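Student: Please find the sequence and the predicted model below.
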Amino acid sequence: NNGYEFIELLSEDYGIKSIHVNLSVVQCMQENIGIRLLNIIDKYKIPHGLIDFEITESTADNSSENLDKIMDDFNKKGIDFSLDDYGTGYSNQSNLMRYPYSIVKIDKSLVWACDSNPKAFISLKHTIAMIKDLDMKVLAEGVETQHHIDFLEQIGCDFLQGYYYSRPLPVSELMDVIKETKIKGEC
């Protein structure tokens, strides 16, 4: 029932501009995954422009043949893709150039490293500049302090995500927050 209530909020314009959904390696390798995902989106009458599928670099590396087709088909329908957890493990710039990501999500470990390492700050600053030069937006994960907000905004980060704003919430609590925020006029 909470899923239906969430969909109703979309039609009532509660300020939701994007719905991000994580896709795993296993999901991206499944036969007809694109058709199945589109059927779910259309069943709930979710505008395609609201959907953004998040994939990790390991997903892109391990399902590249199927992923190319899915991304191409979905982009034609107005559905976006984000690269999640950029900066963990082996970050490959060729993935940034190969796939049509709309957003690159910088992993929290890179953000937190800036707290104690000036070299990490320089690296993150140039990484964000490179991503933006490739015409993609940048989201930083792991934002927990005003200091994080200040330096991330200073170096051009487009979006911020983390416990500073909210802990992860179950749908029932999320609905309350969305409704309360709309009532207060904070959307």
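Tutor: Everything's here; your move. Numbers count the residues shown, from 1 in each chain.
Student: Do a quick rundown of the strands in this protein.
Tutor: 19-22, 51-56, 80-86, 103-106, 137-140, 159-160 (DSSP state E).
Student: Return the most buried member of these.
Tutor: strand 103-106 (a mean of 24; mean count of other Cβ atoms under 10 Å). Every C-beta, even on glycine, is put in place using the N, C-alpha and C of the backbone.
Student: so for that one, what's the average pLDDT?
Tutor: Averaging pLDDT along strand 103-106 gives 96.
Student: What helices and strands are in contact with it?
Tutor: Applying 3 or more Cβ pairs under 8 Å, 6 or more residues apart in numbering; DSSP states H and E, one finds that strand 103-106 contacts strand 80-86, helix 118-133, strand 137-140.
Student: same thing but 10 Å
Tutor: In this structure, strand 103-106 packs against strand 51-56, strand 80-86, helix 118-133, strand 137-140, strand 159-160, with contacts taken as 3 or more Cβ pairs under 10 Å, 6 or more residues apart in numbering; DSSP states H and E.
Student: what angle separates the longest one from strand 80-86?
Tutor: Orientation note: helix 118-133 sits at an angle of 170 degrees relative to strand 80-86 (axes from the mean of the first three to the mean of the last three Cα atoms, to 10 degrees).
Student: Could you list the residues in contact with helix 118-133?
Tutor: 83, 86-87, 91, 93, 96, 101, 103-104, 106, 109-115, 117, 136-138, 140, 151-152, 154-158 (Cβ atoms under 10 Å, 6 or more residues apart in numbering).
Student: in that helix, what's buried?
Tutor: For helix 118-133, a neighbour-count test (16 or more other Cβ atoms under 10 Å) marks 120-121, 124-125, 127-128, 131-132 as buried.
Student: Quickly note the distance from E141 to A113.
Tutor: In this view, E141 and A113 are 13 Å apart by Cβ to Cβ, to the nearest Å.
Student: Can you give me the pLDDT of the residue nearest to H20 when sequence neighbours are not counted?
Tutor: Nearest residue to H20, sequence neighbours excluded (Cβ to Cβ, 6 or more residues apart in numbering): D52, at 4.9 Å. For D52, the model assigns a pLDDT of 95.
Student: and if you look at M97?
Tutor: 87.
Student: now do P100
Tutor: At P100, pLDDT is 90.
Student: any idea how far it is from M136?
Tutor: 9 Å.
Student: Would you point out the most distant pair within the buried residues of helix 118-133?
Tutor: A120 and K132 (18.6 Å; Cβ to Cβ).
Student: okay, now H148: neighbour count?
Tutor: Close neighbours of H148, defined as other Cβ atoms under 10 Å, add up to 21.
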